[in-house]
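*Asks:* Sequence first, predicted model second:
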Amino acid sequence: MKRRYDPAFIKALKKTDVRIRKSFREKIAIFAKNPLDPQLNNHTLREPYKGLRSIDITDDYRAMYEEMTVEEDTVAYFSILGTHDELYGKPKN
């Protein structure tokens, strides 16, 4: 599956710690070989991110993407990157 990145995704990635960027490169290499590798915890999302999928970058960071068909290719368009709390809000006790 081909991968494309939203400019805002790249900007957010560049603002992260070097360890997060390294982990992203490692996880995206795994994704390129097998998007459903268990290490990625690839799963569909519900509102407010319905239509997107998420993969784990670290224990805390997530990358969200949408699967699109461009001509005859399936493309993973990564558009959102952030910590679990940033994306989903803090869990309620």
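*Replies:* Happy to help now that I have it. Residues are numbered from 1 along each chain as shown.
*Asks:* can you pull out the helices in this protein?
*Replies:* 7-14, 18-33, 84-88 (DSSP state H).
*Asks:* I'd like those as TSV, with distance to residue 55 appended.
*Replies:* C-beta coordinates here come from the backbone N, C-alpha and C atoms, glycine included. Below are the helices of the chain laid out as TSV (distance: least, C-beta to C-beta, whole Å):
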stretch	distance to residue 55
helix 7-14	13
helix 18-33	6
helix 84-88	12
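*Asks:* which stretch in the ones you listed is the model least sure about?
*Replies:* In terms of average pLDDT, helix 84-88 trails the rest of these, at a mean of 88.
*Asks:* Would you mind pulling up the elements that that one packs against?
*Replies:* For helix 84-88, the packing partners by 3 or more C-beta pairs under 8 Å, 6 or more residues apart in numbering; DSSP states H and E come out as strand 61-70.
*Asks:* what angle sits between the strand it packs on and helix 18-33?
*Replies:* Between strand 61-70 and helix 18-33, the angle comes out at 40 degrees (axes from the mean of the first three to the mean of the last three C-alpha atoms, to 10 degrees).
*Asks:* Show me what residue 66 is bridged to.
*Replies:* Beta bridges link residue 66 to residue 77, judged by DSSP bridges.
*Asks:* would you put the C-alpha positions of stretch 82-92 in PDB?
*Replies:* This file holds the C-alpha atoms of stretch 82-92, laid out as PDB (Å, rounded to 0.1, in the frame of the first residue of the first chain):
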ATOM      1  CA  GLY A  82      -0.700  13.000  18.400                       C
ATOM      2  CA  THR A  83      -0.800  11.500  21.800                       C
ATOM      3  CA  HIS A  84      -3.700   9.400  23.000                       C
ATOM      4  CA  ASP A  85      -4.800  12.200  25.300                       C
ATOM      5  CA  GLU A  86      -4.500  14.900  22.600                       C
ATOM      6  CA  LEU A  87      -6.600  12.800  20.200                       C
ATOM      7  CA  TYR A  88      -9.200  11.200  22.400                       C
ATOM      8  CA  GLY A  89      -9.200  13.300  25.600                       C
ATOM      9  CA  LYS A  90      -8.300  12.200  29.000                       C
ATOM     10  CA  PRO A  91     -10.100   9.000  30.200                       C
ATOM     11  CA  LYS A  92     -12.900   9.700  32.700                       C
END
